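# no sequence on this one, just coordinates:
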């Protein structure tokens, strides 16, 4: 059985157990592959990492200069949707053979699909995820996409609007339906502060995307729009969003600098939920104006803190009224639960590396 990358890195002396643990934590928070996070940390060089992976999978590795000036006929040799779906990029074209840079050269299913679609022989070479993603953006304008979650209340309201539209013919009922017998318990209103479903979601969490989805669905109980940002270095990066309307910008490529005087900086310093009057800060924060065509009554920013560091943040818009103290406490509680969910994911990753 092949050893995993973490084991190989430690055994080769390229990283220590402590560095590996830090990289696994970053991988859970920021996503991407383990090697990508090690490169971003500066823990290993790209050359050393690629040589190690090339030996592991017994394939050649692509060097940085291979990505510098890829000819157009090479770029056009593989359908664009395959490149985006599988995070691959062609580097060379020699008659009936395509040299294909892959982050997972062992994926025979990917190589087979490319071979079938192009009617050519695929020669896989290994390359860093970071290098492939940069090339996909440079040559094809393929950017990472932010996830979007529709707000259930708005969907329901729209359905009601369509159903109740004037002039719409009433549906015919073929027979008398059974009358529902409601008990007193059935008639009790749902508690918006009930966290039982949120607890269940975090208990069964499988990846970072599900953490963000759970946070957004919780935030949409009180917010009109919710945006999740990942904090990386001195920037807040667009990650996932949901609400009454899609963002008016490419949220997935949004990068907000964190600097003295802006809202993200204030929240990172306090490491607690902050509420801002929409009119007060909207005009002074260009990134807020890009997220919405309307000025919210209030902007709420709640940090996700892991080991005393803000690693993510919820940004919520309320258009009609500020949130209540009880709603504030609820959001803080949800983000605390999300922090624990991240810790569980990190622990799982470490277990898999042993």
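Happy to help now that I have it. What you are looking at is a predicted structure, and each value in this text was computed from that prediction instead of being measured.
# I figured residue 49 hits residue 33, correct?
No. Using CB atoms under 8 Å, residue 49 makes no contact with residue 33, being 10.3 Å away. All C-beta spots, glycine's among them, are computed from the backbone N, C-alpha and C.
# between the two, which one's more packed in?
Neighbour count, other CB atoms under 10 Å: between residue 49 and residue 33, residue 49 has more, with 23 against 16.
# so the nearest residue to the more buried one once chain neighbours are set aside, which of the three states?
With sequence-adjacent residues excluded and distances taken as CB to CB, 6 or more residues apart in numbering, residue 49 is closest to residue 35, at 5.2 Å. Here residue 35 takes the helix state, with states given by DSSP: H, G, I helix; E, B strand; the rest coil.
# Check residue 272 too.
coil.
# can I assume residue 268 sits in a helix?
Yes. Counting by three-state DSSP, one finds residue 268 located in a helix.
# Look up how far residue 233 lies from the closest residue in space to it that isn't next to it in sequence.
Excluding its sequence neighbours, the residue lying closest to residue 268 (CB to CB, 6+ apart) is residue 310, at 4.7 Å. To residue 233, residue 310 is 12 Å away according to CB to CB, to the nearest Å.
# Could you check which of the two is surrounded by more residues?
Using other CB under 10 Å as the criterion, residue 310 and residue 233 rank with residue 310 on top: 21 against 10.
# Name the helix or strand of the protein that has the lowest mean pLDDT.
Across the helices and strands of the chain, the lowest-confidence element by mean pLDDT, DSSP states H and E is helix 152-163, at a mean of 36.
# Residue 217 reaches residue 243, doesn't it?
No. Counting by CB under 8 Å, residue 217 sits too far from residue 243 to count as a contact (10.9 Å).
# Looking only at neighbour counts, state which of these two leads.
residue 243 (24 against 18).
# ok now the strand or helix carrying residue 313, how far from the chain's centre?
Under the criterion of DSSP states H and E, residue 313 resides in strand 309-318. Strand 309-318 sits 14 Å away from the centroid of its parent chain (CA atoms, centre = their mean, to the nearest Å).
# Starting from it, tell me the next helix or strand along the chain.
Strand 309-318 is succeeded, C-terminally, by helix 325-353 (DSSP H and E).
# That next one packs against which elements?
Here helix 325-353 touches helix 17-30, helix 196-203, helix 208-219, strand 298-306, strand 309-318, going by 3 or more CB pairs under 8 Å, 6 or more residues apart in numbering; DSSP states H and E.
# residue contacts, the residue nearest to residue 49?
Contact analysis of residue 35 by CB atoms under 8 Å, 6 or more residues apart in numbering lists 5, 44, 49, 53, 128, 129.
# Equivalent analysis for residue 234, please.
Going by CB under 8 Å, 6+ apart, residue 234 touches 257, 258, 259.
# The second one and residue 48, how far apart?
As judged by CB to CB, residue 258 and residue 48 stand 31 Å apart.
# more neighbours, those two?
More crowded of residue 258 and residue 48, by other CB under 10 Å: residue 258, with 21 against 15.
# List the buried residues of the one helix or strand residue 90 maps to.
For residue 90, the host element (DSSP H and E) is strand 88-94. Residues of strand 88-94 classed as buried: 88, 89, 90, 91, 92, 93 (neighbour count, 16 or more other CB atoms under 10 Å).
# Show me which residues of stretch 51-63 are buried.
So, applying 16+ other CB under 10 Å, buried residues of stretch 51-63: 52, 53, 54, 56, 57, 59, 61, 62.
# For the residue positioned nearest the centre of the chain, grab phi and psi.
Closest residue to the average C-alpha location of the chain: residue 239 at 4.6 Å, with CA atoms, centre = their mean. Taking degrees, to the nearest 10, you get phi -120, psi -60 for the backbone angles of residue 239.
# From here on, call the first residue 5.
From this message on, residue numbering opens at 5, which makes the last subject residue 243.
# so how far is residue 128 from it?
Distance, residue 243 to residue 128, by CB to CB: 31 Å.
# Check residue 111 too.
Residue 111 is 8 Å from residue 128, by CB to CB.
# And those two? Which one has more around it.
Using other CB under 10 Å as the criterion, residue 111 and residue 128 rank with residue 128 on top: 22 against 14.
# I'd assumed residue 106 was in contact with that one.
Yes. Residue 128 is within contact range of residue 106, at 5.1 Å (criterion: CB under 8 Å).
# anything in contact with each of the two?
residue 115.
# on that earlier part again, sheet partners, orientation included, of the strand holding residue 94?
strand 101-106 (antiparallel) (DSSP bridges).
# What are the buried residues along the partner strand?
Under the neighbour-count criterion of 16+ other CB under 10 Å, strand 101-106 has 102, 103, 104, 105, 106 buried.
# Poorly predicted segments of this structure, please.
The chain contains residues with pLDDT under 70 at 5-6, 148-194, 249.
# follow-up on the earlier one: could you dump the contacts of residue 39 to TSV with distance to residue 269 and secondary structure?
As requested, these are exported to TSV (distance: CB to CB, whole Å; DSSP: H, G, I helix; E, B strand; the rest coil):
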residue	distance to residue 269	secondary structure
9	36	helix
48	31	coil
53	33	helix
57	38	helix
132	32	coil
133	30	helix
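# for the buried residues of stretch 55-67, which one is nearest residue 199?
residue 57 (42.6 Å; CB to CB).
# Pretty sure the closest one sits against residue 66.
No. Using CB under 8 Å, residue 57 makes no contact with residue 66, being 10.9 Å away.
# Please enumerate the shared neighbours of the two.
Common contact partners of residue 57 and residue 66 (CB under 8 Å, 6+ apart): residue 130.
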